[in-house]
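[1] Need a 3D model of the following:
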Amino acid sequence: MGQEQTKSDGLKVSVLASGSSGNATYIETPHQKILVDAGLSGKKIEALMNSIGKTVADVDKILVTHEHGDHSLGVGVLARRYGLDVYANEATWEALTPKIGKLRPEQKHVFARDSEKVFADLEVQSFGVSHDAADPQFYLVQHANKTFAIVTDVGYVSEKIAGIVKNADGYLFECNHDTEMLRAGSYPWSLKQRILGDRGHLSNEDSAEALVQILGARTKRIYLGHLSQENNVKQLAHLTVANYLKEHDLGVDHDFFLCDTDPSQATALSVF
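    Here you go, the predicted model:
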């Protein structure tokens, strides 16, 4: 399509919810409508979809990243209510099944880690990450030469992950915590160690450092996501990342935009 691509043909994305309390992302092409994760109640996800002028009844499938409740809470109820296909890798299915209840066998599909699938006009690549779940994986989606990468719930960004998602048109990228807020906060030390560890979550600083290595000329929009409600605030995450990128001569608010996300309010449906 190239230069002839219209907005109706494009890759469309809305981060329906992102944060420690629940996560879901809606992705649309002319022939596919998918959710990546459904970590809120079915009722909340339906309301968030309606807020961007969409309905869960139009969704074709749910791709699950891992079994933690803030990514899977609504998977079962939505799949049963709307007859949706659900995709996850084998280890995630084993951990997920007791959490989401029974689905018809034909609704359950295996999407192996570090593999690719084509759903009509949407190509999806899975990639494994370091996080304390059974076998967590995230996704790079592509349509009409546009790519969008979801990178959250990761203790660190490996060279392999960086290579897979480098120079995407858009990102949902984790900024889970401010390190000083976490260290000074009320969490028990064992939980702090988990979050700070290699199988935990990216801090604002970690995210900024990774983005410097990953961003490219194609990158237009970065959603800062999965913020901890206890150990971060939007303004701090945004300022920390923006300042670090500017220090490295990257064109914040010129070549690309940093976008905030919210645990209870969807971002506008944007076209890449």
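
[2] Now do the strands in the stretch 101-250 of the chain.
    108-110, 116-119, 122-128, 137-143, 146-151, 170-174, 221-225 (DSSP state E, counting those that start in this stretch).

[3] Name every strand pairing with the second one and say which way it goes.
    Partner strands and pairing direction for strand 116-119 (DSSP bridges) are strand 122-128 (antiparallel).

[4] Which residues outside the partner strand are in contact with it?
    27, 29, 31-32, 34, 63, 89, 111-118, 135-143, 160-161, 164-165 (C-beta atoms under 8 Å, 6 or more residues apart in numbering). Any C-beta I mention is one placed from the backbone N, CA and C, and that applies to glycine too.

[5] buried subset of those residues?
    Burial by neighbour count, judged by 16 or more other C-beta atoms under 10 Å, picks out 27, 29, 32, 34, 63, 89, 111, 113, 135-143, 161, 164-165 from those.

[6] elements contacting whichever strand or helix holds I62?
    Counting by DSSP states H and E, the element that carries I62 is strand 61-63. Identification of packing neighbours for strand 61-63 by 3 or more C-beta pairs under 8 Å, 6 or more residues apart in numbering; DSSP states H and E yields strand 32-36, helix 75-82, strand 85-88.

[7] So which of those is nearest Q265?
    Evaluated over the helices and strands packed on strand 61-63, closeness to Q265 peaks at strand 32-36, with 16.7 Å, by C-beta to C-beta.

[8] Can you name the residues that contact the nearest residue to H131 once chain neighbours are set aside?
    Closest residue to H131 in three dimensions, ignoring its sequence neighbours and counting by C-beta to C-beta, 6 or more residues apart in numbering: D153, at 4.7 Å. Contact partners of D153, counting by C-beta under 8 Å, 6+ apart, are T65, H66, H68, H71, V129, H131, A133, P136, F138, E174, H201, H226.

[9] Now tabulate the residues you listed in a markdown table and tack on distance to E247.
    Formatted as a markdown table, the entries for the contacts of D153 read as follows, by distance: C-beta to C-beta, whole Å:
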| residue | distance to E247 |
| --- | --- |
| T65 | 31 |
| H66 | 33 |
| H68 | 34 |
| H71 | 33 |
| V129 | 27 |
| H131 | 28 |
| A133 | 33 |
| P136 | 31 |
| F138 | 27 |
| E174 | 20 |
| H201 | 23 |
| H226 | 24 |
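
[10] Of those residues, which belong to helices?
    Members of the contacts of D153 lying in helices (criterion: DSSP state H): H71.

[11] Looking at the contacts of D153, spot the one nearest F257.
    If you rank the contacts of D153 by distance to F257 using C-beta to C-beta, E174 comes first, at 17.7 Å.

[12] residues contacting the closest residue to that closest one other than its chain neighbours?
    Among residues not flanking E174 along the chain, T152 sits closest, at 3.9 Å (C-beta to C-beta, 6+ apart). The contact partners of T152, by C-beta under 8 Å, 6+ apart, come to S18, N23, T65, F138, L172, F173, E174, N176, L202, G225, H226.
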